[in-house]
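with the input below, show me the fold.
(chains A and B)
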Amino acid sequence: MSFRESILSERCLEQARALVSSIERGEEDAAVDHLREISRINETQMFQELGRLTRELHDTLVGFGVDANISEMAEHDIPDARDRLAHVINVTDQAAHTTLTAVEEAIPVCEELENSASKIELQWKRFISRDLSADEFRELSREIGGHLEISSDRYSKIKEHLNSILMAQDFQDITGQIIRRVISLVQDVEDKLVGLIKLSGSLDDEEYKRNENRSARQGLEGPQVPGKESDTALKNQDEVDDLLSSLGF
Amino acid sequence: MNKDMKILIVDDFSTMRRIIKNLLRDLGFNNTSEADDGNTALPMLKSGDFDFLVTDWNMPGMQGIDLLKAVRADEKLASLPVLLVTAEAKKEQIVEAAQAGVNGYVVKPFNAATLKEKIEKIFERIEASQ
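Have a look, this model is predicted:
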């Protein structure tokens, strides 16, 4: 009940009537009592109002705390996540190109072997059906020799390309780890937003239970992202090897 | 180095397990098994007479470093050679792994030559110490 409503209340009216009649009857003490009662009714309302304002102020201050976390996220974590995702794009782009290059280089090698083999096969069929002259047979055996000569070289080239396709798939592990981290950040942002909504009173505690241990795997950093390396992160395998050999490995 | 040795590959990403498995096959090691984290790997190690463990560090459930510690703490497994293959590249972590008794440490992304070199080095050392 606001101050305005309380001044128009039944109790107030009652006291006011009593006040008027006390004054008319010249009862000074009774008049003072009624006047005090009227002020008391209004004071009660005022204290209630003051309590409400205090509570609002408190909630707002708590809210500022949440805001500080959110602004830290906006300033640091979100741009960081953006850079990490950009790195994911680079890594997947590289993997795709490595794979495509390997395929592009392997296909002509396969075609060379395929052509050479089918040419031999054609002549071989003629040879089986005794359709080949001595000169042609000499030509065929030279071709077979040539085919065998290039074969092991070409097959190992193809194997090399297949291996580079295989190795290019390591992006999935690297990007998977980075994306997991970004997912956990998104989850944190969601939590903070839910916290804000909760603050405005439309969600109660039971409805929203915080998931503890959200930033699981504490202490581990996952893949280093270019430009975001930890101070103590080593840059490559050589540095790891140097450190290990300094430790007696 | 015995090419028939039994190797356990532990990584939570199946793609990485396949890559390592293929690289090992390319190096002549065909006897490999896979596990997706320490909790799955440890019972396999305890019951499976493995000769070599290749493990990732950062995995849900039991992490690679804890698996390494569990292996070193197990009487039967204590001398099992362990190679960590991980994206964790911080100095503190490499030192921690060394102190926990790792035999080799490969940082991701890595290449086939690095893996080969580290495995050969591990077994050269073991043979030299015998």
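
can you classify the most centrally placed residue in chain B by secondary structure?
Note on chain B: the residue nearest the mean C-alpha position is residue B:54, at 1.8 Å, using CA atoms, centre = their mean. Per DSSP: H, G, I helix; E, B strand; the rest coil, the secondary structure class of residue B:54 is strand.

quick one: it from chain A, how far?
Taking CB to the nearest CB, to the nearest Å as the measure, residue B:54 falls 14 Å from chain A. The C-beta positions use only the backbone N, C-alpha and C, and glycine is treated the same way.

check contacts around that residue.
By CB atoms under 8 Å, 6 or more residues apart in numbering or on different chains, the residues touching residue B:54 are B:7-10, B:20, B:24, B:82-83, B:85.

among those, which are in strands?
Among the contacts of residue B:54, the subset assigned to strands under DSSP state E consists of B:7-10, B:82-83, B:85.

output the residues you listed in TSV; the columns should cover neighbour count.
Shown next, in TSV, are the ones in strands among the contacts of residue B:54 (neighbours: other CB atoms under 10 Å in any protein chain shown):
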residue	neighbour count
B:7	21
B:8	22
B:9	25
B:10	30
B:82	24
B:83	22
B:85	25
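
just the closest of these to residue B:119, please.
Set against residue B:119, the nearest of the ones in strands among the contacts of residue B:54 by CB to CB is residue B:83 (6.7 Å).

what is the neighbour count of the nearest residue to that closest one once chain neighbours are set aside?
In space, residue B:83 comes closest to residue B:104 once its chain neighbours are excluded; the distance is 4.2 Å by CB to CB, 6 or more residues apart in numbering or on different chains. When neighbours are defined as other CB atoms under 10 Å in any protein chain shown, residue B:104 has 25 of them.

wait, doesn't residue B:104 sit right on residue B:86?
No - using CB atoms under 8 Å, residue B:104 makes no contact with residue B:86, being 11.2 Å away.

what does chain A put close to chain B?
A:163, A:166-167, A:169-174, A:176-177, A:216-217, A:220-224, A:230, A:232-237, A:240, A:243-244, A:247, A:249 (CB under 8 Å from any CB of the partner chain).

and the longest helix for chain A?
In terms of residue count, the longest helix belonging to chain A (DSSP state H) is helix A:78-128.

now do the next helix or strand after it: which elements does it pack against?
Where DSSP states H and E defines the elements, the next helix or strand beyond helix A:78-128 is helix A:134-168. Where contact means 3 or more CB pairs under 8 Å, 6 or more residues apart in numbering or on different chains; DSSP states H and E, helix A:134-168 is packed against helix A:78-128, helix B:14-26.

what pairs with the next helix or strand after the last one, parallel or antiparallel?
Note on helix B:14-26: by DSSP H and E, the next helix or strand toward the C-terminus is strand B:32-35. Sheet pairing for strand B:32-35, assigned by DSSP bridges, gives strand B:7-10 (parallel).

any idea of the mean pLDDT in the helix or strand containing residue A:189?
In the assignment (DSSP H and E), residue A:189 maps to helix A:171-199. In this model, helix A:171-199 carries a mean pLDDT of 84.

and it, what's buried?
Using 16 or more other CB atoms under 10 Å in any protein chain shown as the test for burial, helix A:171-199 gives A:171-178, A:181-182, A:185, A:188-189, A:192, A:195, A:199.

what of stretch A:233-241?
Quick answer for stretch A:233-241 (16+ other CB under 10 Å): A:233-234, A:237, A:240-241.

export these to TSV and tack on distance to residue A:82 and secondary structure?
Shown next, in TSV, are these (distance: CB to CB, whole Å; DSSP: H, G, I helix; E, B strand; the rest coil):
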residue	distance to residue A:82	secondary structure
A:233	20	strand
A:234	25	coil
A:237	28	helix
A:240	29	helix
A:241	33	helix
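
quick one on the thing from earlier: among the helices and strands packed on helix A:134-168, which is the most enclosed?
helix B:14-26 (a mean of 19; mean count of other CB atoms under 10 Å in any protein chain shown).

between it and helix A:171-199, how many degrees?
Taking axes from the mean of the first three to the mean of the last three CA atoms, to 10 degrees, one finds helix B:14-26 and helix A:171-199 inclined to each other by 160 degrees.

helix B:14-26 near chain A at all?
Yes - contact of helix B:14-26 with chain A (CB under 8 Å from any CB) involves B:15-16, B:18-19, B:22-23, B:26.

residue ranges with poor pLDDT in the chain?
Defaulting to chain A. Residues of chain A meeting the criterion pLDDT under 70: A:1-7, A:60-61, A:63-68, A:198-218.
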